[in-house]
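Engineer: the sequence isn't on hand, but the structure is:
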């Protein structure tokens, strides 16, 4: 139900880039996402069954809603 699902990310997708920033692990992914603000639209490149696919996601916030 979050930004990832809305962008079309599927179980088993491996994120390889956020924008122009290459992702080589969980820490790199966290840093790439945190370098943007909630509401920013970012491109996310994934390896899906051996094929590169680029998706577009609008980032949400991890802050609890009040």
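Structural biologist: Looks like it came in fine. Source: prediction; values computed, not measured.

Engineer: was I right about residue 16 contacting residue 22?
Structural biologist: Yes. Residue 16 lies in contact with residue 22 (Cβ atoms under 8 Å); the separation is 6.9 Å. C-beta here means a position set from N, CA and C on the backbone, and glycine is covered the same way.

Engineer: the two: who's more crowded?
Structural biologist: residue 16 (16 against 11; other Cβ atoms under 10 Å).

Engineer: and the more buried one, what are its phi and psi?
Structural biologist: Backbone geometry at residue 16, expressed as degrees, to the nearest 10, gives phi -110, psi -20.

Engineer: going forward, count from 54.
Structural biologist: Right, with 54 as the first residue, what we last looked at is residue 69.

Engineer: now it: closest residue in space, sequence neighbours ignored.
Structural biologist: Spatial nearest neighbour of residue 69, excluding adjacent residues (Cβ to Cβ, 6 or more residues apart in numbering): residue 98 at 5.1 Å.
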